[in-house]
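**Student:** coords please:
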Amino acid sequence: MTNPRGSAANSAAMSAALSGAVDLSALKARADAARQQPATSTSGSPQQQAPAAGGAIIEVTEASFQAEVVDRSLQQLVIVDLWADWCGPCKQLSPVLERLASQAGGAWVLAKVDVDANPRIAQLFGAQSIPTVVAIAGGQPVDAFAGALPEPEIKKWLNALLDALKDKLPSIRDAQPGGGEEVEEPDDPRFTEAEDAFERGDYPGAEAAYQRILDVEPANELAKAALTQVRFAARAESADPSAVARADADPGDLDAQLAAADFEVAQNKIEDAFARLITTIRRTFGDDRNRVRQHLVGLFDLFDPADERVAKARRDLASALF
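**Tutor:** Below is the predicted model:
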């Protein structure tokens with residue numbers, strides 16, 4: 001399963017669930033056993049195991065988890081990215097994390113975990129969906145979020161972690177004189193304007209800034225994706241949980257149906273949201289039908305086009321329209 005985006009509530013709930021509940025040494029025995037078995041080449045002759053990857057981005061397996069995540073986190077903040085090749089939102093999130101890791105000056109390292117190849121790591125964290133991102137410090141998880149958060153929210157999350165841990169982890173202290181801020185200076189000022197507006201909660205301002213980029217560069221995929229996320233974030237933040245009950249009680253209330261669908265998507269009830277709007281399309285006509293259709297298509301844009309839920313919903317939509 002995948003989430004279109006994370007939320008403060010989801011992050012807080014996940015952090016609370018992880019705090020003190022995850023024993024990261026659970027994989028140590030497997031890692032030790034794997035290291036004790038010499039790797040062999042295709043010819044059957046023993047090979048020496050490659051040394052642990054350095055740099056800002058590392059690939060982690062069950063065998064290397066102890067050294068690359070648990071042990072490393074005693075000196076350096078480790079951000080674990082649980083992903084899979086088939087996961088659409090993962091493809092949106094991972095490049096952002098990789099770029100930020102490269103710009104961090106060693107303050108933290110990104111540990112990428114393919115959950116299909118390393119399912120026990122995902123099980124260890126109790127990940128219910130991907131992408132899931134977990135911060136590890138001092139050998140234990142300290143915070144987490146699920147879903148492809150917008151870049152401004154990720155930066156805010158990382159900055160809060162670095163500030164809280166700067167007196168505990170040497171890597172953060174060592175990176176500070178290097179001026180992580182200087183690395184970010186060359187950022188496109190147009191995106192900086194949009195991100196600053198987003199961080200202030202000025203969603204209209206962020207939307208306008210991204211739209212100005214697209215007016216000049218219609219094919220700018222980063223701006224397109226960010227604009228979609230900003231628009232949904234604005235709606236999701238004001239989503240009323242009671243909208244679901246109101247929509248169920250009055251199927252003819254279009255405003256309630258749209259609000260309920262937004263709330264369901266924010267709660268990762270993706271198929272429920274799609275089904276709700278398709279059912280509404282079946283019983284509406286004219287401008288009302290087109291309004292609901294446009295809203296549904298906008299929700300589709302939050303996900304990878306290859307997502308099976310989107311593909312099924314598109315087929316159902318076509319059936320409802322024709």
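**Student:** which residue ranges form the strands in the chain?
**Tutor:** 39-40, 46-47, 57-59, 77-83, 108-114, 132-137, 140-146 (DSSP state E).
**Student:** Neighbouring strands - and their directions - for the third one?
**Tutor:** It stands for strand 57-59. Its sheet considered, strand 57-59 pairs with strand 108-114 (parallel) by DSSP bridges.
**Student:** again, but for the last one
**Tutor:** Pairing partners of strand 140-146, with direction, according to DSSP bridges: strand 132-137 (antiparallel).
**Student:** Quick one: work out the angle between the partner strand and strand 77-83.
**Tutor:** 160 degrees (axes from the mean of the first three to the mean of the last three Cα atoms, to 10 degrees).
**Student:** Check what contacts strand 132-137 and list those residues.
**Tutor:** Applying Cβ atoms under 8 Å, 6 or more residues apart in numbering, the contact partners of strand 132-137 are 14, 18, 24, 69-70, 73, 77-82, 93, 97, 111, 122, 125, 141-146, 161, 165, 168-169. Just so you know, the C-beta spots here come from the backbone N, C-alpha and C atoms, and that holds for glycine as well.
**Student:** circling back: lowest average confidence across the strands of the chain, which one?
**Tutor:** Lowest mean pLDDT within these: strand 46-47, a mean of 36.
**Student:** I'd say Phe65 and Ile121 touch.
**Tutor:** Yes: the pair Phe65 / Ile121 is scored as a contact, 6.1 Å apart, by Cβ atoms under 8 Å.
**Student:** which residues does Arg72 contact?
**Tutor:** Neighbour list for Arg72: Val78, Val109 [criterion: Cβ under 8 Å, 6+ apart].
**Student:** ok, it to Trp108 distance?
**Tutor:** Distance, Arg72 to Trp108, by Cβ to Cβ, to the nearest Å: 10 Å.
**Student:** Quick one: low-confidence residue ranges for the stretch 151-300 of the chain.
**Tutor:** 176-186 (pLDDT under 70).
**Student:** Could you rerun that using 50?
**Tutor:** The model of the stretch 151-300 of the chain has pLDDT under 50 over residues 178-185.
**Student:** Tell me where it has helices.
**Tutor:** Using DSSP state H, counting those that start in this stretch, the helices of the stretch 151-300 of the chain run over residues 151-165, 170-175, 180-184, 189-199, 203-216, 221-237, 242-249, 254-266, 270-282, 286-300.
**Student:** among those helices, which is the most enclosed?
**Tutor:** Among those, helix 254-266 has the highest mean neighbour count (mean count of other Cβ atoms under 10 Å), at a mean of 22.
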